[in-house]
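Participant: A structural model of the following input is requested.
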Amino acid sequence: MEPTDIEFGAAMKEGCFHFEEGFTFVNHGSFGAVPTKIREKQKQLQDVLNDNPGVFYRRTRRELFPKSIEAAAKFLGADSSNLFLVQNATTGVNTVLKSFPWQKGDEILASMHTYKAVENACRKVAEFSTGGHIHQFEIRFPIKDESEVVDSMTSFLDKHPRIKLAVLDHITSPTALVFPVKKMIAECRKRGVLALIDAAHAPGQLEINLEQLDPDFYTGNFHKWMFTPRGCSILWIRKEHQSWCTPLVTSHMYKKGIQLEYCYQGTRDDIPYFLIPDSIKFYQDVGGRDKIVQYTKSLLDKASMLIAERLKTEVLQIPKSMEAPCMRIVVLPEYVGYEKTWEGSEKLFKDIMNINKVHCTIFPVHDELYLRLSANIYNQMADYEKLADVLCQFTRKS
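Facilitator: Reported below is the predicted structural model:
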């Protein structure tokens, strides 16, 4: 049966995916899920590679790279000459940060909701390369209007004129906030600050036209919401920066063209890149963004309210324009033995996974623990009812 004919939920999970029996998956946002059809094609390409690696690396991949880049560029509204393939969004961020022509004392701006790995990369560059500083602008809940986020960013830029680069999320990983990035890019450009958009969660969730958005840099994963195997992301680089924003790895194609430098980096596994066209086709065959988002938004509205009611807490209070289509946040109560820290959050979600066989994720923000729910086409309400039952079993602090 073709994906077009399969209903979302249990039938889609059975017909197009394969998960370990006994586990409940409501954390698509962390690692994605690869449809069985794409997994089969991945195995076929691995066989082609292993049967004749000489031909694969010297001929086959040269034929496959342009097709994948063109497919990704068309999907994201990008000029293919501005689009490059990298392993993940963290790689994309590191590529920009470690290529940047820093001067002594230059500073970086991120937010308090920046993904920890990205924050660490900013901090290392600031501490060891520039002798400068990383600033993180604050975002407090509740949020009444998205202008609060823009204003918080611009106030930092105005107070700290040595900031040269702002690292901004399209969708924040810990809190699933959609930033008004077009407005934020414009404010950065007014002040001569370059804007690097960490869009790890955006492709597949948000409508994207990169040439119109026109940041300085934009990096996003295809292996989260676009169904490719893991290790498949894009880095869009504005033309004027391509002379210096080169790959982290320098190999045989040095100074032979930036696209070649990004593509050919030794004997690595490039197969996830080559499945971009197949994954886009699967995404479109099941109905594309409109149909997927209509399903996930409705499911998450119900699921988040159910869990908040069961836990006697609340969903995150933010404008509708800042809600991620396939992710939602619920405040967790205080639990005995689980502090509101990174260590406490990791202990809690690992206990939920190891003891109760439910995959979710939990982040500490503003001295609270937040449950981040994900929904995709294979999820159904029963998944979130199971999670609610599990969360209600933990002992609350009085």
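Participant: okay, now the nearest residue to Phe56 once chain neighbours are set aside: neighbour count?
Facilitator: The shortest distance from Phe56 to any non-neighbouring residue, by C-beta to C-beta, 6 or more residues apart in numbering, is to Leu49 (4.4 Å). Every residue, glycine included, has its C-beta placed from N, CA and C. Leu49: 18 surrounding residues under other C-beta atoms under 10 Å.
Participant: could you pull out the helices in the stretch 251-398 of the chain for me?
Facilitator: Taking DSSP state H, counting those that start in this stretch, the helices of the stretch 251-398 of the chain run over residues 258-263, 271-274, 276-285, 288-311, 342-356, 381-393.
Participant: hang on, the residue nearest to Phe56 is in a helix, isn't it?
Facilitator: Yes - Leu49: assigned to a helix according to DSSP: H, G, I helix; E, B strand; the rest coil.
Participant: could you save the helices of the stretch 251-398 of the chain as CSV and add columns showing mean neighbour count, mean pLDDT and distance to Lys74?
Facilitator: Shown next, in CSV, are the helices of the stretch 251-398 of the chain (neighbours: other C-beta atoms under 10 Å; pLDDT from 0 to 100; distance: least, C-beta to C-beta, whole Å):
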stretch, mean neighbour count, mean pLDDT, distance to Lys74
helix 258-263, 19, 95, 16
helix 271-274, 23, 98, 15
helix 276-285, 20, 98, 8
helix 288-311, 18, 97, 14
helix 342-356, 16, 95, 37
helix 381-393, 17, 97, 33
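Participant: turn those helices into a markdown table, including distance to Asn221.
Facilitator: Putting the helices of the stretch 251-398 of the chain into a markdown table (distance: least, C-beta to C-beta, whole Å) gives the following:
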| stretch | distance to Asn221 |
| --- | --- |
| helix 258-263 | 16 |
| helix 271-274 | 10 |
| helix 276-285 | 11 |
| helix 288-311 | 16 |
| helix 342-356 | 20 |
| helix 381-393 | 22 |
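Participant: relative to Val118, which of those is closest?
Facilitator: Evaluated with C-beta to C-beta, the helices of the stretch 251-398 of the chain place helix 342-356 nearest to Val118, the distance being 14.9 Å.
Participant: helices or strands up against the closest one?
Facilitator: If you count contacts as 3 or more C-beta pairs under 8 Å, 6 or more residues apart in numbering; DSSP states H and E, helix 342-356 packs onto strand 361-365, strand 368-374, helix 381-393.
Participant: any idea which of these gets closest to Tyr283?
Facilitator: Nearest to Tyr283, of all the helices and strands packed on helix 342-356, is strand 368-374, at 16.1 Å by C-beta to C-beta.
Participant: mind giving me the packing neighbours of that closest one?
Facilitator: Packing partners of strand 368-374 (3+ C-beta pairs under 8 Å, 6+ apart): helix 28-31, helix 288-311, strand 327-331, helix 342-356, strand 361-365, helix 381-393.
Participant: I'd like to know which of these lies nearest to Tyr262.
Facilitator: Evaluated over these, closeness to Tyr262 peaks at helix 28-31, with 23.8 Å, by C-beta to C-beta.
Participant: how about the strands in the stretch 51-200 of the chain?
Facilitator: Under the criterion DSSP state E, counting those that start in this stretch, strands of the stretch 51-200 of the chain are mapped to 83-86, 107-111, 134-137, 163-169, 194-198.
Participant: format the ones you listed as a markdown table; extra columns: mean pLDDT and distance to Met184.
Facilitator: Below are the strands of the stretch 51-200 of the chain laid out as a markdown table (pLDDT from 0 to 100; distance: least, C-beta to C-beta, whole Å):
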| stretch | mean pLDDT | distance to Met184 |
| --- | --- | --- |
| strand 83-86 | 98 | 21 |
| strand 107-111 | 96 | 10 |
| strand 134-137 | 94 | 10 |
| strand 163-169 | 97 | 5 |
| strand 194-198 | 98 | 7 |
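Participant: using JSON lines, lay out those together with mean neighbour count.
Facilitator: Converted to JSON lines, these look like this (neighbours: other C-beta atoms under 10 Å):
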{"stretch": "strand 83-86", "mean neighbour count": "24"}
{"stretch": "strand 107-111", "mean neighbour count": "24"}
{"stretch": "strand 134-137", "mean neighbour count": "20"}
{"stretch": "strand 163-169", "mean neighbour count": "24"}
{"stretch": "strand 194-198", "mean neighbour count": "25"}
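Participant: for Pro247, which of the ones you listed is the nearest?
Facilitator: Distance to Pro247, taken as C-beta to C-beta, is lowest for strand 83-86 among these, at 7.8 Å.
Participant: now this protein, which segments are flagged as low pLDDT?
Facilitator: Counting by pLDDT under 70, the ranges of the chain that qualify are 1, 131, 398.
Participant: show me what contacts the residue nearest the centre of it?
Facilitator: Of all residues in the chain, the one closest to the mean position by C-alpha atoms, centre = their mean is Ala200, 2.1 Å from it. For Ala200, the contact set (C-beta atoms under 8 Å, 6 or more residues apart in numbering) comprises 88-90, 115, 169, 171, 173, 219-221, 224, 233.
Participant: please repeat the previous calculation with a cut-off of 10 Å.
Facilitator: Neighbour list for Ala200: 29, 88-90, 92-93, 115, 117-118, 169-173, 219-221, 223-225, 233 [criterion: C-beta atoms under 10 Å, 6 or more residues apart in numbering].
Participant: cool, Pro66 as well?
Facilitator: Pro66 touches 80, 259, 263, counting by C-beta under 10 Å, 6+ apart.
Participant: also Ile197?
Facilitator: Shown in contact with Ile197 (C-beta under 10 Å, 6+ apart): 89, 92-93, 166-170, 179, 181, 184-185, 210, 213, 215-220, 236.
Participant: any idea which of the strands of the stretch 51-200 of the chain gets closest to Thr246?
Facilitator: Among the strands of the stretch 51-200 of the chain, strand 83-86 sits nearest to Thr246 (C-beta to C-beta), with 9.9 Å.
Participant: the closest one: partners in the sheet, and parallel or antiparallel?
Facilitator: strand 233-237 (antiparallel) (DSSP bridges).
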